[in-house]
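Participant: Got a sequence here, can you model it:
(one chain, ligands or ions: 1)
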Amino acid sequence: MLRLNALPPEIQDSVAETQRRVASLHKELTRNRLVVWTAGNVSERVPGSGNAGVPGLFVIKPSGVSYDALSPEVMVVCELDGNKINDGTADRLQPSSDTAAHAYVYRHMGEIGGVVHTHSTYATAWAARQEPIPCALTMMADEFGGDIPVGPFALIGDDSIGRGIVETLRHSRSPAVLMAQHGPFTIGPDAEAAVKAAVMCEDVARTIHIARQHDDVRRIDQELIDALYRRYQRAYGQRN
Ligand SMILES: O=C(CO)[C@@H](O)[C@H](O)COP(=O)(O)O
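Facilitator: Here you go, the predicted structure:
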């Protein structure tokens, strides 16, 4: 089994930084009320891994552990096949039950550096109905570039969820997919971007749901969605 302390020092440092980021981002899930009990997870690809003889690695939370107990020291390190490495955490700490789904995304979407899963209430209600969220708000056009799509029903534990995420999002601008009768999975260049997409997904799921209580919502015209998406993706916020 791959041993963390046998990897180059800069990779060990990168793993430690990733563990800190992933632990801290789980607090965002609870702060934004996107999860209940222990059901939801964040992972991030370890920068610098997957090169120069170092296998691709990602960090994910252990399964079924209270969010209050999620410190950097208990964040589990896995290879891209989803298997935990000898990372210095206790053997009993098993990675999240969604690890195979996260691993599949990292294996098949090389540009993706972060994956998040929640059961946030409104987004999960759309997933229960298997209904895409129509792009009827400028904020949706900005962040998602169109509707938030629905992925197939898939059982938990093997590659099925990962395959559904990749099949649905590979040709979409949306960083969020509503896995049928399960809940939202979001992706991004890093874990923070994937958490942001999860927060935005829940917010628009709620707003469009409320809007529909009174009338049908009207999808924004496609050329306007394209213009909004371009502006937000290229010009919004501060320059680096
Ligand atoms: O969707 C489900 C269960 O329906 C899973 O996402 C689990 O709720 C994840 O829990 P952890 O194994 O990450 O603690």
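
Participant: Just the strands from the protein, written as ranges.
Facilitator: Listed in chain order, the strands of the chain (DSSP state E) span 41-45, 57-60, 76-79, 114-117, 150-151, 176-179, 183-188.

Participant: Next, format those as CSV and append distance to the ligand.
Facilitator: For the C-beta atoms, the positions are set from N, CA and C on the backbone; glycine is no exception. Rendered in CSV, the data for the strands of the chain read as follows (distance: least, Cβ to the nearest ligand atom, whole Å):
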stretch, distance to the ligand
strand 41-45, 4
strand 57-60, 8
strand 76-79, 10
strand 114-117, 5
strand 150-151, 13
strand 176-179, 9
strand 183-188, 6
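
Participant: out of the ones you listed, deepest packed?
Facilitator: Mean neighbour counts were taken over the strands of the chain using mean count of other Cβ atoms under 10 Å, and the top value, a mean of 30, falls to strand 114-117.

Participant: same for it, what does it pack against?
Facilitator: Applying 3 or more Cβ pairs under 8 Å, 6 or more residues apart in numbering; DSSP states H and E, one finds that strand 114-117 contacts strand 41-45, helix 99-108, strand 183-188, helix 191-212.

Participant: So which residues make contact with it?
Facilitator: With Cβ atoms under 8 Å, 6 or more residues apart in numbering as the contact definition, strand 114-117 has outside contacts at 29, 40-45, 98, 101-102, 105-106, 183-195, 197-198.

Participant: rerun at 7 Å
Facilitator: Counting by Cβ atoms under 7 Å, 6 or more residues apart in numbering, the neighbours of strand 114-117 from elsewhere in the structure are 40-44, 98, 102, 105, 183, 185-188, 190-195, 198.

Participant: CSV please, covering the strands of the chain and showing mean pLDDT.
Facilitator: Compiled in CSV, the strands of the chain are given as follows (pLDDT from 0 to 100):
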stretch, mean pLDDT
strand 41-45, 98
strand 57-60, 98
strand 76-79, 98
strand 114-117, 98
strand 150-151, 98
strand 176-179, 98
strand 183-188, 98
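
Participant: Can you lay out those strands as a markdown table showing distance to residue 160?
Facilitator: Putting these into a markdown table (distance: least, Cβ to Cβ, whole Å) gives the following:
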| stretch | distance to residue 160 |
| --- | --- |
| strand 41-45 | 17 |
| strand 57-60 | 18 |
| strand 76-79 | 18 |
| strand 114-117 | 14 |
| strand 150-151 | 10 |
| strand 176-179 | 10 |
| strand 183-188 | 12 |
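
Participant: closest to residue 137 out of those?
Facilitator: Minimum separation from residue 137 across the strands of the chain (Cβ to Cβ) falls at strand 176-179, 13.9 Å.

Participant: Just the CA atoms of that closest one, as PDB, please.
Facilitator: As requested, C-alpha coordinates have been extracted for strand 176-179 and formatted as PDB (Å, rounded to 0.1, in the frame of the first residue of the first chain):
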ATOM      1  CA  ALA A 176     -24.100  20.900 -10.700                       C
ATOM      2  CA  VAL A 177     -26.100  17.800 -11.400                       C
ATOM      3  CA  LEU A 178     -29.200  16.600  -9.500                       C
ATOM      4  CA  MET A 179     -28.700  12.800  -9.300                       C
END
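
Participant: who does that strand pair up with?
Facilitator: Taking DSSP bridges as the criterion, strand 176-179 sits next to strand 150-151 (parallel), strand 183-188 (antiparallel) in its sheet.

Participant: residues of stretch 230-240 that come out buried?
Facilitator: Using 16 or more other Cβ atoms under 10 Å as the test for burial, stretch 230-240 gives residue 232.

Participant: If you could redo that for stretch 207-224, that was the one I meant.
Facilitator: Within stretch 207-224, the residues that qualify as buried by neighbour count (16+ other Cβ under 10 Å) are 207-209, 217, 220.
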